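**Q** pasting a predicted model and its sequence here:
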Amino acid sequence: MHAQQTHILIRPLSLICLIIPVIAVAALLLSCEHSPVQNDNPPPTKPAYYLATGTPNGAYVLLGAALRGASEDLNIIPCTTEGSMENLHLLRDNKVQFAIVQMDSLHDVLNSSEHGAGPTDDNTSDKPSEADTKDHAELEHDIFLVSYLYSEKLHLFLRPHLYLSSPAELNGLSDKSRVWLGPFGSGSYNTALRVLEASGLSEKDIGSFESANKAENKRNTAAPSRSSTLSVKMDWNIASDRILHSSSSDGLDAYFRVMAVAGTQPPSPPKLEPCPASKRTEAPTYSAPGPSTETLLASDVRLIGLPQNVIDHMTEDKLYVPTTIDLSSYHNLKRGVATIGVAAVLVTNLPETQHELVASIIKTIANKKSQIEQEIGGIKLDQFDATVSQDELGGHIHEGARSHLQPSRHYAMWWCSMVIVLGLFVAVIVRNPTKFRQRVARASYALLLMTILSVIFVLTSIAMMRSEGRLNPDFASFKNSISNTLAFVVGLKQDYHPMTRDGENDLWAALFLLPMVFGWLTSDVVRAFLRNISAQLEQKIANGHLSDVSRRHPHLGKVVRKCPDMLTSVVLPPEGSTREQATSLANDVGQPRVRLTEDDRVQV
């Protein structure tokens with residue numbers, strides 16, 4: 001009996017042991033059957049768009065990382081390079097799809113300028129070869145402007161206790177290798193060469209700076225605060241450390257850098273990989289963080305400005321703009337300096353058929369502008385809304401950015417608005433001329449003052465056009481002379497210097513004469529005299545009638561009498577119309593200015 005019960009219990013267990021392997025084998029077969037289908041249809045991946053930025057510890061790296069974070073719908077991969085010139089070469093070779101560059105470097109490459117070609121590595125010769133020239137010609141059709149981003153300013157740092165006042169005086173230094181122009185292939189390097197050229201240095205003198213910088217870049221330098229076995233290439237961190245310790249054998253006397261003034265302490269740059277096929281084929285070596293600009297200025301490192309003639313030379317073609325590094329830019333800056341500014345821009349080599357992609361990037365930057373500014377150290381994207389005229393950059397504006405860079409001008413709407421306002425003004429005058437004369441009469445004293453000051457201002461503008469117009473384009477026409485004289489008088493161009501001595505005298509005379517005349521006109525003695533004149537003028541205006549004009553000037557009176565009818569579009573009924581026809585016409589155009597006779601005829 002006990003054996004029978006045991007046999008009954010074992011049978012279900014044996015069945016369970018048989019069922020479990022069968023289920024496991026079936027599940028395995030099902031998984032193998034469905035796995036090829038899953039492998040054949042992997043989830044779609046977003047296409048990658050490489051964004052060339054700059055040196056590993058430069059500001060463009062921060063901007064590239066910020067653009068990647070803002071563009072969530074796009075797979076943007078920021079990568080490091082030697083700078084603007086290498087970025088443009090990578091775009092030409094289609095190794096990257098977007099790049100951040102300085103506007104002057106873009107202008108040089110698009111126009112195949114001799115100066116802007118510049119070397120991009122240490123082994124490149126000074127003169128471009130025929131292949132480079134051909135590449136530049138092809139490049140003109142490959143690179144398109146997407147958007148302006150922000151403005152950068154040239155900083156020329158000078159070691160402590162070196163009392164130079166201009167870039168031209170750097171030529172007097174015996175060791176040119178102690179003046180660093182910036183990394184090869186960067187926009188700062190090209191801008192530094194332009195500054196030396198505008199300062200009057202000969203081609204031979206500029207070549208000596210280039211040769212010394214080539215030799216310096218070929219020599220590997222031990223990174224500060226690193227092991228002596230680790231060597232890195234010269235960069236901004238090392239440059240700031242060397243100028244702070246200029247007494248050492250490898251110290252610097254001066255270096256150039258084009259950069260934006262950060263509003264807050266910029267964050268540490270992210271670790272990015274080099275761009276595909278860039279000159280920096282090895283992994284980027286990050287030097288130890290160097291002294292900040294505030295630390296340099298607190299240690300008696302000076303920022304020197306550019307002389308006015310250098311600024312004038314470099315801003316003639318509108319590629320650079322005159323600007324200043326104000327006292328408020330840095331806490332430890334002892335005095336502001338005059339310098340030049342250049343825009344950082346976003347460019348692409350994508351075909352114009354991908355205009356929707358380019359437009360979406362512009363829209364993303366516009367929507368997340370404050371977020372991007374915060375991530376790049378408070379640098380304002382002050383040039384993002386800048387536009388381009390029809391004759392600038394030729395055809396190098398991407399189709400997706402055309403509405404952003406060249407917005408349509410609604411001139412017709414403005415003209416229509418002005419005509420409507422003018423028409424309403426005339427209608428008010430015609431409808432109630434007595435009231436209008438009374439208001440004008442009450443304001444006769446203010447009108448008299450404005451007229452006298454306006455006459456003085458116009459005469460000053462004419463004098464400026466006569467003294468400066470032959471040399472200075474800002475005063476070549478009466479319109480430009482009016483606008484620039486007004487800007488100087490109200491203080492918008494405090495640092496402006498005319499090109500001639502007569503022009504400078506005229507501007508300062510206007511700045512002195514206008515307030516003096518205004519004070520003289522509002523003095524008690526002159527005020528009584530002017531009020532007497534304005535009272536007489538008020539009486540003549542208030543008592544003036546069209547009949548006086550028609551009596552003294554019959555032809556002018558006829559024109560004046562016809563003007564109200566023309567402006568208000570009053571249509572008079574033709575001769576011989578009946579009362580009903582005249583009434584019907586009056587209902588259509590307003591109250592008629594007609595008189596009807598007893599026999600239902602109309603007399604005008």
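**A** On my side now, so go ahead.
**Q** just the CA trace of stretch 77-92, in PDB.
**A** Provided in PDB are the C-alpha atoms of stretch 77-92 (Å, rounded to 0.1, in the frame of the first residue of the first chain):
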ATOM      1  CA  ILE A  77      30.100  66.200 -32.600                       C
ATOM      2  CA  PRO A  78      32.400  69.100 -31.700                       C
ATOM      3  CA  CYS A  79      36.100  68.300 -32.200                       C
ATOM      4  CA  THR A  80      39.400  70.200 -31.700                       C
ATOM      5  CA  THR A  81      41.700  71.700 -34.300                       C
ATOM      6  CA  GLU A  82      44.600  74.300 -34.500                       C
ATOM      7  CA  GLY A  83      42.100  77.100 -35.200                       C
ATOM      8  CA  SER A  84      40.200  79.000 -37.900                       C
ATOM      9  CA  MET A  85      42.400  78.400 -40.900                       C
ATOM     10  CA  GLU A  86      42.600  74.600 -40.300                       C
ATOM     11  CA  ASN A  87      38.800  74.600 -39.800                       C
ATOM     12  CA  LEU A  88      38.300  76.100 -43.200                       C
ATOM     13  CA  HIS A  89      40.700  73.500 -44.800                       C
ATOM     14  CA  LEU A  90      38.800  70.700 -43.100                       C
ATOM     15  CA  LEU A  91      35.500  72.100 -44.500                       C
ATOM     16  CA  ARG A  92      37.100  72.300 -48.000                       C
END
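**Q** and that stretch, average pLDDT?
**A** The pLDDT scores in stretch 77-92 average 92.
**Q** contacts for the helix or strand where residue 190 lies, please.
**A** Counting by DSSP states H and E, the element that carries residue 190 is helix 187-198. The contact list for helix 187-198 (C-beta atoms under 8 Å, 6 or more residues apart in numbering) reads 83-85, 101-102, 104-105, 108, 115-116, 118, 154, 156, 167, 170-171, 181-183, 205-206, 209-210, 213, 256-259, 306, 310, 313-314, 340, 342. Using the backbone N, CA and C atoms, a C-beta is placed for each residue, glycine as well.
**Q** of those residues, which belong to strands?
**A** If you go by DSSP state E, the contacts of helix 187-198 have 101-102, 154, 156, 256-259, 340, 342 in strands.
**Q** scan those and report the most crowded one.
**A** Neighbour counts for the ones in strands among the contacts of helix 187-198 peak at residue 101, which has 31 neighbours (criterion: other C-beta atoms under 10 Å).
**Q** now do the contacts for it.
**A** 84, 87-88, 187, 344-345, 347.
**Q** tell me the pLDDT at it?
**A** Residue 101 is given a pLDDT of 95.
**Q** quick one: it and residue 185, what's the gap?
**A** 11 Å (C-beta to C-beta, to the nearest Å).
**Q** cool, and residue 362?
**A** 27 Å.
**Q** with neighbour numbers in mind, choose between the two.
**A** Neighbours of residue 362 and residue 185, each counted by other C-beta under 10 Å, are more numerous for residue 185; the result is 28 against 19.
**Q** next, count neighbours for the residue lying closest to that one once chain neighbours are set aside.
**A** Excluding its sequence neighbours, the residue lying closest to residue 185 (C-beta to C-beta, 6 or more residues apart in numbering) is residue 82, at 3.5 Å. Using other C-beta under 10 Å, residue 82 has 25 other residues around it.
**Q** re the thing from before, just the contacts of residue 101: which are in strands?
**A** Going by DSSP E, the strands hold 344-345, 347 from those.
**Q** got the domain boundaries for this protein?
**A** 1-44, 49-405, 413-543, 570-604 (automatic domain parsing).
**Q** what about the longest one, how long is it end to end?
**A** Which is domain 49-405. 22 Å (C-alpha to C-alpha, to the nearest Å).
**Q** which strands and helices sit next to the helix or strand that contains residue 459?
**A** Assigned by DSSP H and E, residue 459 falls within helix 444-468. With contacts taken as 3 or more C-beta pairs under 8 Å, 6 or more residues apart in numbering; DSSP states H and E, helix 444-468 sits against helix 478-489, helix 501-521, helix 524-543.
**Q** for the closest residue to residue 208 other than its chain neighbours, grab the count of nearby residues.
**A** Residue nearest to residue 208 in three dimensions, not counting chain neighbours: residue 176, with 5.1 Å by C-beta to C-beta, 6+ apart. Using other C-beta under 10 Å, residue 176 has 20 neighbouring residues.
**Q** just to check, residue 176 is in contact with residue 209?
**A** Yes. Judged on C-beta atoms under 8 Å, residue 176 makes contact with residue 209 at a distance of 5.2 Å.
**Q** surely residue 164 meets residue 157?
**A** No. With contact defined as C-beta under 8 Å, residue 164 does not count as touching residue 157 (11.5 Å).
**Q** compare these two and say which is more crowded by neighbours.
**A** residue 157 (22 against 17).
**Q** quick one: pLDDT of the more buried one?
**A** At residue 157, the pLDDT recorded in the model is 96.
**Q** tell me the contacts of it?
**A** 240, 243, 254-257, 296, 301-303 are the contacts of residue 157 under C-beta under 8 Å, 6+ apart.
**Q** will you turn those residues into TSV that also has distance to residue 351 and pLDDT?
**A** Conversion of the contacts of residue 157 to TSV gives the following (distance: C-beta to C-beta, whole Å; pLDDT from 0 to 100):
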residue	distance to residue 351	pLDDT
240	41	92
243	45	93
254	44	95
255	40	95
256	36	96
257	35	94
296	45	93
301	47	94
302	48	94
303	44	95
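**Q** take those and keep only those in strands.
**A** Using DSSP E, the contacts of residue 157 in strands are 254-257, 302-303.
**Q** what does stretch 290-309 contact?
**A** 154-162, 164-167, 195, 199, 224, 236-241, 243-244, 265, 314, 324-325, 330-334, 337-340, 497.
**Q** settle this for me: residue 366 is touching residue 401, isn't it.
**A** No. Using C-beta under 8 Å as the test, residue 366 is too far from residue 401 to be in contact (11.9 Å).
**Q** now tell me what touches stretch 368-375 from outside.
**A** 62-63, 65-67, 69-70, 267, 365, 379-381, 384.
**Q** run the last query once more with 6 Å
**A** 66, 70, 380-381 (C-beta atoms under 6 Å, 6 or more residues apart in numbering).
**Q** taking those residues, tell me the two that lie furthest apart.
**A** Greatest spatial distance among the contacts of stretch 368-375 (C-beta to C-beta): 70 and 380, at 15.8 Å.
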